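*Asks:* Next come a sequence and a model predicted from it.
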Amino acid sequence: MKLIRARQFAVLFSKQMIEAIMAVEIPEGYKLWTDMGTDPFEDLAGPFHLKPQEDGTHKCAFISDPKHANMGGMIHGGLLMTFADYALFAIARDCLGEAGGVTISFNSEFVSAGPIGALIEASGEIVKVTGSMVFVRGKIYTGEQTILSFSGIIKKLRSR
């Protein structure tokens, strides 16, 4: 299986492009979200990073590399939705408390294809907070290009 995958990448990505991808770095201020433990799936899919914003939300980022590609050589839609779900929680992080939450609703719209070898970021806003839910919306982008817009509802969990 690894040999087949290596051949697929060799067809989609030249050595020069892979070297260029490796040169892209996460900007200063971003960190891995480790203070609440790890998420094995997100760690495998990412790694994803977050950075606090002045408004109390968090901006998110990852570097798209060949493991994130679909057969067309662009970012796989499933990865974008995984990153959007991560971003929902990062944006709402300060509202959720130590118990965290669970996604109860998630919507997304693909706006454009996401390139491999780019800094991919997500940011958004908290639309409303109730006693038990947080409503969030945001977008995933690279530079000025929007790739995906998303919204979701997080159900707050209660501390035990």
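*Replies:* Now that the structure is in, tell me what you want to look at.
*Asks:* Regarding stretch 111-124, how distant is the last residue from the first?
*Replies:* Terminal residues of stretch 111-124 lie 16 Å apart, using CA to CA, to the nearest Å.
*Asks:* Distance from it to the middle of the chain?
*Replies:* 9 Å (CA atoms, centre = their mean, to the nearest Å).
*Asks:* average pLDDT across that stretch?
*Replies:* Stretch 111-124 carries an average pLDDT of 95.
*Asks:* Which positions within it qualify as buried?
*Replies:* 114-124 (16 or more other CB atoms under 10 Å). C-betas here are computed from N, CA, C, even on glycine.
*Asks:* ditto for stretch 104-112
*Replies:* In stretch 104-112, counting by 16+ other CB under 10 Å, buried: residue 108.
*Asks:* And for it, what's in contact with it?
*Replies:* For stretch 104-112, contacts defined as CB atoms under 8 Å, 6 or more residues apart in numbering pick out 77, 80-81, 84-85, 88, 133, 139, 145-155.
*Asks:* Ramachandran coordinates for residue 123?
*Replies:* Here is the backbone geometry of residue 123 (degrees, to the nearest 10): phi -150, psi 170.
*Asks:* Can you tell me what sits against the longest helix seen in the chain?
*Replies:* The longest helix of the chain (DSSP state H) is helix 77-96. The contact list for helix 77-96, computed with CB under 8 Å, 6+ apart, reads 33, 41-42, 45-46, 48, 50, 56-60, 62, 68, 70, 100-101, 103, 106, 108, 110, 114, 120, 122-126, 129, 134, 136, 138, 140, 147-148, 150, 152, 154, 156-157.
*Asks:* now do 6 Å
*Replies:* The contact list for helix 77-96 (CB atoms under 6 Å, 6 or more residues apart in numbering) reads 42, 45, 48, 50, 56-58, 60, 68, 103, 108, 122, 124, 126, 129, 134, 136, 138, 148, 150, 152, 154, 156.
*Asks:* Now do the strands in this protein.
*Replies:* 31-32, 49-52, 58-63, 101-110, 119-129, 133-142, 145-156 (DSSP state E).
*Asks:* who does the last one pair up with?
*Replies:* Strand 145-156 pairs in its sheet with strand 101-110 (antiparallel), strand 133-142 (antiparallel), by DSSP bridges.
*Asks:* export that strand as CSV, just CAs?
*Replies:* Taking Å, rounded to 0.1, in the frame of the first residue of the first chain, the C-alpha atoms of strand 145-156 are listed here in CSV:
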residue,chain,number,x,y,z
GLN,A,145,-8.9,32.8,-1.2
THR,A,146,-11.8,31.4,0.7
ILE,A,147,-11.9,27.6,0.4
LEU,A,148,-14.8,26.6,2.7
SER,A,149,-17.4,28.3,4.8
PHE,A,150,-18.9,26.6,7.8
SER,A,151,-21.2,26.9,10.8
GLY,A,152,-22.1,24.7,13.6
ILE,A,153,-23.6,24.3,17.1
ILE,A,154,-21.7,22.9,20.0
LYS,A,155,-23.5,21.4,23.0
LYS,A,156,-21.6,22.3,26.2
